[in-house]
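Student: Need coordinates for the following:
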Amino acid sequence: MRLDLARVGVRYGGVEAVRDIDLSIAGGEILALLGPNGSGKTSLIRAIAGLVPMTGRLLFDQRPERPRDIGYMPQDIATQAALTVLEVVLLGRFGKLGLRVGRHDLAAVQGLLADLGIAALAGRQVTQLSGGQRQLVFLAQALAAHPRLLLLDEPISALDIRHQLEVMEMLRRVTRERGITTITILHDLNVAARFADQIVMMRAGACIAAGPVETVLTPALVEQAFEVVPLVFRAPDGRLLVTPLHASPHR
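Tutor: A predicted model of the protein is given here:
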């Protein structure tokens, strides 16, 4: 799915959380939203998902109608529901429990759980899981319905380094194979540099840069967004790495 945004804005009362965002992303690509806390990343994703009022225009494959096949994983995934992991992920496939679950559906969900390394948790209550485990469960739920547009708000923030890499590798593979448009909020610039095709750098509700990794993760733009002086260099495999050295004196 191709997604186009034109002058998208979000206001909460008198507060302008997002202003005049223009961007395009093609199917099969991962777009990472980067920026400091309060820069409007979550509000932008919620606007695309249709969860908050917005101004401007969204086009989904050049049509204004928001499709139903959108997978959304919010940042706040706390739940008190007495459901098992398997039931939570099946909810992503059906929208509600109580429908007849076929072998194909069970196999698809069990495959997702295996891909995310949580197959052994299928019978556990979600309320009994750690934060990182719940994050993996709700990511599986977002993927369960085979969405064409996948919106993820900090999907790896509670995961250890190994699981962060495994999840991002899986997301990249699924995005490519299914032609999904994936937009994800990330805080780790190095994860974004390794796995994103495009980056949107935000600050104070505005986009200060957008484009391929090489053009956005520059010392000047990182300093402008995060108010730190960074060292940007290449890893042995050619990927960019960003190390913050100290707070910017130009704040």
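Student: wait, isn't residue 190 in contact with residue 244?
Tutor: No. Residue 190 sits out of contact with residue 244 when judged by Cβ atoms under 8 Å, with a separation of 11.0 Å. For every residue, glycine as well, the C-beta is placed using N, CA and C.
Student: Any chance you could list what contacts stretch 58-77?
Tutor: Here stretch 58-77 makes contact (Cβ atoms under 8 Å, 6 or more residues apart in numbering) with 1-6, 8, 42, 45, 47-51, 57, 92, 134-135, 138-139, 141-155, 157, 185.
Student: cutoff 7 Å now
Tutor: Residues outside stretch 58-77 that contact it (Cβ atoms under 7 Å, 6 or more residues apart in numbering) are 1-5, 8, 42, 48-50, 134-135, 138-139, 142-143, 145, 147-155.
Student: Please flag which of those sit within strands.
Tutor: Assigned to strands by DSSP state E, the following of the contacts of stretch 58-77 qualify: 3, 4, 5, 8, 149, 150, 151, 152, 153.
Student: Can you tell me which of the residues you listed lies closest to residue 168?
Tutor: Nearest to residue 168 among those is residue 152, at 10.5 Å by Cβ to Cβ.
Student: Report the residue ranges of every domain in this structure.
Tutor: Following automatic domain parsing, one finds the domains of the chain at 1-69+147-225, 78-146.
Student: Which of those has the highest mean neighbour count?
Tutor: Among these, domain 1-69+147-225 has the highest mean neighbour count (mean count of other Cβ atoms under 10 Å), at a mean of 18.
Student: Just the endpoints, please. Distance across that one?
Tutor: For domain 1-69+147-225, the separation between the terminal residues is 29 Å (Cα to Cα, to the nearest Å).
Student: Run the chain-centre distance for that domain.
Tutor: 7 Å (Cα atoms, centre = their mean, to the nearest Å).
Student: Also stretch 226-246?
Tutor: Centroid displacement of stretch 226-246 relative to its chain, using Cα atoms, centre = their mean, is 22 Å.
Student: all numbers from here: first residue = 369
Tutor: In the new count, where the first residue is 369, that last one comes out as stretch 594-614.
Student: Against residue 459, how distant is residue 414?
Tutor: From residue 414 over to residue 459 the distance is 20 Å, taken as Cβ to Cβ, to the nearest Å.
Student: do residue 573 as well
Tutor: 33 Å.
Student: Where does residue 398 sit: helix, strand or coil?
Tutor: The three-state assignment at residue 398 reads strand, by DSSP: H, G, I helix; E, B strand; the rest coil.
Student: just so I have it, where are all the helices in the chain?
Tutor: Assigned by DSSP state H, the chain shows helices spanning 409-417, 453-462, 471-483, 499-512, 529-546, 557-563, 581-584, 587-594.
Student: next one: the fourth one to chain centre, how far?
Tutor: How far helix 499-512 lies from its chain's middle: 12 Å, per Cα atoms, centre = their mean.
Student: quick one, it and strand 517-521 angle?
Tutor: 160 degrees (axes from the mean of the first three to the mean of the last three Cα atoms, to 10 degrees).
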